[in-house]
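# Provided below are the primary sequence and the corresponding predicted coordinates.
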Amino acid sequence: MPYPTGAPVTDRRPTLSHQVLQDRLDALARLHRVPGAQLAVDTGTQVLSVHTGTADVATGTPFTADTAVPLGSVTKAYTAAAVMILADDGDLDPDDPVVEFLPELRELPEVAIRHLLGHTAGLPTGPDSDTAAGTTASRYLSTVCTARDALFAPGTGFSYSNAGYVAAGRLVEAVTGMTWQEAVRVLLLEPLGTVPAFLDDTRPTRPIAAGHALNTASGRTRPAHQNLAPVEAPAGALLASALDLAVLGKALAGRSAALPSATAARMRRPEPGAAPGVLADAWGLGLALFRQDGRWWYGHDGNAQGTSCHLRAEPDGGMVVAFTGNAGGATALWRDLVEDITRITGVRVPTAPSPAHRGAPVALPECAGTYRNGRMEYRITIGANGSPALSVDGDSPVPLICYPDLSCDLVDPATGRREPGGRFHRDPVTGAVDRVQISGRTARRTDIA
């Protein structure tokens with residue numbers, strides 16, 4: 001897919017009404033039962049921020065413009081930017097083998113730093129947070145980053161990996177001599193003007209929001225406990241406001257002294273081999289890339305326990321859209337808000353990759369088998385009607401619908417609704433189905449020679 005470096009920029013800058021955005025955010029938060037949320041939009045000529053609701057239903061604390069929300073995986077964009085700032089300073093090169101800095105990756109000498117940031121290292125996702133709690137980064141990496149568990153040769157595929165960002169955070173510590181938190185604060189947060197906030201803060205210096213879960217039986221919303229393991233901090237421990245995310249988006253467009261423009265442009269460039277499937281159209285160094293109306297947008301999505309946070313920006317037109325919400329239903333709220341922005345401004349902001357034209361469903365009996373991503377087991381079975389179903393770690397099977405291009409949809413057993421699921425891959429030599437990518441994570445088949 002070609003990457004335009006000088007897409008035409010419209011002369012007409014979109015304009016937005018603060019009151020219209022406020023009214024829509026208020027209404028949609030009620031509709032989706034989201035206690036609190038914030039939307040920030042930078043059109044290139046104006047910056048608007050609106051917020052609504054409550055930061056924590058247990059305390060009744062109001063949600064303010066400065067309220068920081070657990071970002072989940074949007075943290076990875078900050079970690080990647082910190083790594084690239086070190087590269088700009090000459091402390092490392094993105095093409096350097098990671099093992100030169102981290103001996104824990106001695107079994108994977110071909111993995112380069114850019115492979116970690118672009119999820120093309122072939123690393124498994126890593127253990128769940130409860131399993132990772134209490135372990136050190138060195139022990140974590142020595143256990144996960146093994147030749148036995150490698151999913152593919154570095155640079156030849158894509159698999160979203162928290163483990164890759166545990167390694168990236170450990171890399172920052174090895175180069176700077178600081179903790180990941182200290183390094184991110186000094187290298188990026190303070191230059192951006194962002195007041196630091198992390199999940200393990202016992203005395204936060206700014207207002208923070210709790211995540212929330214909806215009890216469907218009682219209809220009540222309750223605060224959710226954040227259980228990210230300390231070792232996973234570089235993959236998901238930051239808290240920030242939508243305004244903070246908008247400032248990051250501006251920097252990643254090369255419009256801030258906090259990040260050199262050439263470094264930002266390097267982060268936005270699609271990485272070879274990065275085919276993220278249902279997550280995005282391509283992937284850069286820490287950034288998801290979306291193709292929309294002949295232009296590339298960049299950003300990231302993140303979900304912590306009971307939160308949903310999103311960043312989108314288009315560097316040529318200069319538009320940045322950021323959102324933070326403190327409930328699981330905030331993902332649907334975000335999508336509705338984007339539709340409103342499109343309707344008002346005529347600028348289509350992507351929330352998902354470009355739709356594929358896949359043809360009619362086909363039978364794919366050869367996909368049946370067992371696949372693994374680290375400790376996770378994906379099992380594909382074929383039912384009596386010839387249709388495949390997916391079970392992850394022994395959970396109830398979910399029906400699959402397959403297409404000629406080897407992509408597949410997941411089918412909700414209760415509603416029959418289809419959701420883009422992922423794609424199967426064939427071995428280029430044998431032609432056998434040897435991998436499956438589900439929701440951006442690749443699993444390698446283990447029951448074939």
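Ah, there it is.
# for the helix or strand A264 falls within, which helices and strands make contact with it?
Element membership for A264, per DSSP states H and E: helix 261-268. Using 3 or more CB pairs under 8 Å, 6 or more residues apart in numbering; DSSP states H and E, the elements in contact with helix 261-268 are helix 75-88, helix 242-252, strand 295-302. From N, CA and C alone the C-beta is placed, and that goes for glycine too.
# could you export the ones you listed as TSV, including mean neighbour count, distance to L192 and mean pLDDT?
TSV is the format used below for the helices and strands packed on helix 261-268 (neighbours: other CB atoms under 10 Å; distance: least, CB to CB, whole Å; pLDDT from 0 to 100):
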stretch	mean neighbour count	distance to L192	mean pLDDT
helix 75-88	25	9	98
helix 242-252	26	5	98
strand 295-302	24	15	97
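# make TSV from those and add distance to V433 to it.
Supplementary listing: those in TSV, determined by distance: least, CB to CB, whole Å:
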stretch	distance to V433
helix 75-88	30
helix 242-252	37
strand 295-302	28
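# list the buried ones in the helix holding A264?
The neighbour-count check on helix 261-268 (16 or more other CB atoms under 10 Å) flags 263-264, 266-268 as buried.
# out of the helices and strands packed on helix 261-268, flag the one nearest A235.
A235 lies closest, by CB to CB, to one member of the helices and strands packed on helix 261-268: helix 75-88, at 5.9 Å.
# so V20, which of the three states?
helix (DSSP: H, G, I helix; E, B strand; the rest coil).
# not counting sequence-adjacent ones, nearest residue to it?
The spatially closest residue to V20, leaving aside those adjacent along the chain, is I344, at 6.8 Å (CB to CB, 6 or more residues apart in numbering).
# would you put the C-alpha positions of the helix or strand harbouring that neighbour in CSV?
According to DSSP H and E, I344 maps onto helix 330-345. Provided in CSV are the C-alpha atoms of helix 330-345 (Å, rounded to 0.1, in the frame of the first residue of the first chain):
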residue,chain,number,x,y,z
ALA,A,330,-17.2,4.5,25.9
THR,A,331,-16.0,2.6,22.9
ALA,A,332,-19.4,2.9,21.3
LEU,A,333,-19.7,6.5,22.5
TRP,A,334,-16.4,7.3,20.7
ARG,A,335,-17.7,5.8,17.4
ASP,A,336,-20.9,7.8,17.6
LEU,A,337,-18.9,11.0,18.3
VAL,A,338,-16.7,10.4,15.3
GLU,A,339,-19.8,10.1,13.2
ASP,A,340,-21.0,13.4,14.5
ILE,A,341,-17.6,15.1,13.7
THR,A,342,-17.8,13.7,10.2
ARG,A,343,-21.4,14.9,9.7
ILE,A,344,-20.5,18.4,11.0
THR,A,345,-17.1,18.9,9.3
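# which is the next helix or strand following it?
strand 369-373.
# and whatever helix or strand comes next after that next one with strand 369-373, angle?
Sequence order places strand 376-382 as the next helix or strand after strand 369-373, per DSSP H and E. Put simply, strand 376-382 runs at 160 degrees to strand 369-373, going by axes from the mean of the first three to the mean of the last three CA atoms, to 10 degrees.
# which elements pack onto the helix or strand following strand 376-382?
Note on strand 376-382: by DSSP H and E, the next helix or strand toward the C-terminus is strand 388-392. If you count contacts as 3+ CB pairs under 8 Å, 6+ apart, strand 388-392 packs onto strand 376-382, strand 398-402.
# contacts for the longest one, please.
Right, strand 376-382. 124-125, 365, 367-372, 388-394, 397, 400, 436, 438, 441, 443 (CB atoms under 8 Å, 6 or more residues apart in numbering).
# just the buried residues of it, please?
376, 378-380, 382.
# mind listing what L238 touches?
Here L238 is in contact with 70-71, 74-75, 78, 184, 197-199 (CB under 8 Å, 6+ apart).
# state the distance from the nearest residue to it once chain neighbours are set aside to D427.
Excluding the flanking residues, the one nearest L238 by CB to CB, 6+ apart is T75, at 4.2 Å. Distance from T75 to D427, counting by CB to CB, to the nearest Å: 35 Å.
# returning to what we had before: and the pLDDT at the residue nearest to V20?
In this prediction, I344 carries a pLDDT score of 89.
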